[in-house]
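Visitor: Model the following, please.
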Amino acid sequence: MSDWHLYLVRTARGTLYTGITTDVARRFAEHQAGAPKGARSLRGKGPLTLEYYTRVANRRVAAQVEWRIKQWPRARKEALIRGEQPLPSTD
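Guide: Residues are numbered from 1 along each chain as shown. Below is the predicted model of the structure:
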């Protein structure tokens, strides 16, 4: 069974991108390279910075947490990065 992670990447303009993966380093490298495997929404928006990542229970939970964080306003995402906001629950 693979470990799943939630991560946030900041673009050069300060936009935050939220994603999930089993390998944070590989996925971030794909985003930075702008390769076909990188997220289309991040292409040409570098330099990119990996701002936050954390392990989550499994793929289902990772997808649920990712979706919830994508609904958050920017201030709440910034608080998560600073460690002032907990991850959303998956209840």
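Visitor: where are the low-confidence patches of the protein?
Guide: 1, 91 (pLDDT under 70).
Visitor: Run through the strands of it in chain order.
Guide: 4-10, 16-21, 49-56 (DSSP state E).
Visitor: Quick one: closest of those strands to S41.
Guide: For these, the distance to S41 is smallest for strand 16-21, at 6.6 Å, taking Cβ to Cβ. Bear in mind the C-beta positions are built from the backbone N, C-alpha and C, glycine included.
Visitor: tell me the angle that closest one makes with strand 49-56.
Guide: Counting by axes from the mean of the first three to the mean of the last three Cα atoms, to 10 degrees, strand 16-21 lies at 40 degrees to strand 49-56.
Visitor: Give the partner strands of strand 16-21 in its sheet and their orientations.
Guide: Using DSSP bridges, the strands paired with strand 16-21 are strand 4-10 (antiparallel).
Visitor: what's the distance between the partner strand and the middle of its chain?
Guide: Remark: strand 4-10 is offset 2 Å from the chain centroid, using Cα atoms, centre = their mean, to the nearest Å.
Visitor: got the buried residues for it?
Guide: For strand 4-10, the neighbour count (16 or more other Cβ atoms under 10 Å) marks 4-10 as buried.
Visitor: correct me, but L48 touches F28?
Guide: Yes - using Cβ atoms under 8 Å, L48 is in contact with F28, at 7.3 Å.
Visitor: Need the overlap of contacts for these two.
Guide: V9 (Cβ atoms under 8 Å, 6 or more residues apart in numbering).
Visitor: What is the nearest of the buried residues of strand 4-10 to L80?
Guide: Distances from L80 to those, taken by Cβ to Cβ, are shortest for L8, at 7.4 Å.
Visitor: Now do the contacts for the closest residue to that closest one other than its chain neighbours.
Guide: Spatially, and ignoring its direct neighbours in sequence, L8 is nearest to Y52 (4.3 Å; Cβ to Cβ, 6 or more residues apart in numbering). Residues near Y52 by Cβ under 8 Å, 6+ apart: 7-8, 80-81.
Visitor: Now distance to S89 too, for those, in TSV please.
Guide: What follows is the contacts of Y52, written out as TSV (distance: Cβ to Cβ, whole Å):
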residue	distance to S89
Y7	19
L8	18
L80	14
I81	19
